[in-house]
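> got a sequence here, can you build the structure:
(chains A and B)
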Amino acid sequence: MNMNKVEKIIEALSIHTDPESINVLTEVGTNSAIDRVRELTSRALVRKNVHDSLSVVISNQGKGINDLSTVVAMTTINELLSLEDKTEAMTILEDTVNNHSEEEVRDNARSVKALMALS
Amino acid sequence: MADSFKIGSVLPRLFNGSKYETTTNRPSNQVTTGTTYNPFATSGMKVDVLTADVFDTTSFTGGTTPSASKIKRMASALVGSIGDAFPTFRKGIENITAFCGRVKNEITSAWHFLQETRVPGITDLTNSIKSQWEAAHYAKEVKMYASMPVDTLRTELTNSLSIAA
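Numbers count the residues shown, from 1 in each chain, chains lettered A, B, ... in the order given. Coordinates of the predicted model:
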């Protein structure tokens, strides 16, 4: 696998203006068996900083902050903490804490929300 | 002729000439004009004669006549200066030799310095330039991909990941 090429494509999708790029990242990137690809994809989705992309990495079980890989989860959290405008992320986190069906997802969202409130 | 020549009879005249000179008659046909004495006048030789007698001290107008002691001092100074010239010259040569040696040593030292010097941070600088170049190249390629349609990128990404799988 040409990892450099994959990195560049995911990076290009993160700055792409077409909303369809979120679907590409969600469908192809977050479902990859390779941790590095999921890590890069989660980071790209957070950088987009829009409702649809943040919902994927916050509210979906097994993706983003809920990924089974600690590296992927921590990278996503770190990227969320690095956002200049955290308004949309905080809204989604609060909504997840209050309304998500999975307790594990709610707990993760609560922890990240607390970290973002402190940062 | 060789029998009549005896050293003993000549020596007094050689070393005490004034005694005999006082009784020696000068030829009357020698011409003496002022301070100029022409010894060739009687022989009829036509030669150029200096109009001024450079050896005549009476024509010296610079004031008092230099005394013999002064001349001796001057001559001594001249000889001394000649004698001192060689040590000075030798000293100059030694200075040049020392200078060349010093320059050689300095060049050698500089060469060793350059050989042994490891400029701290030069590796970091090289790595920094390399990383900057790679970052610029990376950004250029990302920009190229970002200008492509999303469907093309989906295909490219899927193909790259499927190859990996």
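
> all strands of chain A, in order?
Secondary structure of chain A (DSSP state E): no strands located.

> spell out which residues of it are next to chain B.
A:1-2, A:5-6, A:8-13, A:15-16, A:18, A:20-21, A:24, A:28-29, A:32-34, A:37 (Cβ under 8 Å from any Cβ of the partner chain). Yep, even glycine has a C-beta here, placed from its N, CA and C like the rest.

> biggest helix in the chain, by residue count?
Since no chain was named, I'll use chain A. helix A:103-118 (DSSP state H).

> could you do chain B instead?
Per DSSP H, chain B has its longest helix at helix B:68-116.

> elements contacting it?
Applying 3 or more Cβ pairs under 8 Å, 6 or more residues apart in numbering or on different chains; DSSP states H and E, one finds that helix B:68-116 contacts no other helix or strand.

> what is the subsequent helix or strand relative to it?
helix B:122-146 (DSSP states H and E).

> list the buried residues of that next one.
B:141-142, B:145-146 (16 or more other Cβ atoms under 10 Å in any protein chain shown).

> likewise stretch A:98-116?
A:100, A:105-106, A:108-109, A:112-113, A:116.

> chain center to it: distance?
14 Å (Cα atoms, centre = their mean, to the nearest Å).

> kindly export that stretch (C-alpha atoms) in PDB.
Extracted C-alpha coordinates of stretch A:98-116, given in PDB (Å, rounded to 0.1, in the frame of the first residue of the first chain):
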ATOM      1  CA  ASN A  98     -28.300  13.300  26.600                       C
ATOM      2  CA  ASN A  99     -29.800  11.300  23.800                       C
ATOM      3  CA  HIS A 100     -27.500   8.500  22.700                       C
ATOM      4  CA  SER A 101     -28.800   5.000  23.300                       C
ATOM      5  CA  GLU A 102     -25.400   3.400  24.100                       C
ATOM      6  CA  GLU A 103     -24.100   4.100  27.600                       C
ATOM      7  CA  GLU A 104     -20.500   3.600  26.500                       C
ATOM      8  CA  VAL A 105     -20.900   6.300  23.900                       C
ATOM      9  CA  ARG A 106     -22.500   8.600  26.300                       C
ATOM     10  CA  ASP A 107     -19.700   8.100  28.800                       C
ATOM     11  CA  ASN A 108     -17.100   8.800  26.200                       C
ATOM     12  CA  ALA A 109     -18.900  11.900  25.100                       C
ATOM     13  CA  ARG A 110     -19.300  13.100  28.700                       C
ATOM     14  CA  SER A 111     -15.500  12.700  29.300                       C
ATOM     15  CA  VAL A 112     -14.500  14.500  26.100                       C
ATOM     16  CA  LYS A 113     -17.100  17.300  26.800                       C
ATOM     17  CA  ALA A 114     -15.500  17.800  30.300                       C
ATOM     18  CA  LEU A 115     -12.000  18.000  28.700                       C
ATOM     19  CA  MET A 116     -13.100  20.500  26.100                       C
END
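
> now that stretch: mean pLDDT?
Stretch A:98-116 shows a mean pLDDT of 93 in the predicted model.

> ok, and what's touching that stretch?
The contact list for stretch A:98-116 (Cβ atoms under 8 Å, 6 or more residues apart in numbering or on different chains) reads A:58-59, A:61, A:65-66, A:73, A:77, A:80-81, A:86, A:89-90, A:93-94, A:96-97.

> 6 Å - rerun?
By Cβ atoms under 6 Å, 6 or more residues apart in numbering or on different chains, the surrounding residues in contact with stretch A:98-116 are A:61, A:65-66, A:77, A:86, A:93, A:96-97.

> now do stretch A:71-82
A:35, A:38-39, A:42-43, A:46, A:57, A:64-65, A:67, A:89, A:112, A:119.

> many thanks, I have nothing further to ask.
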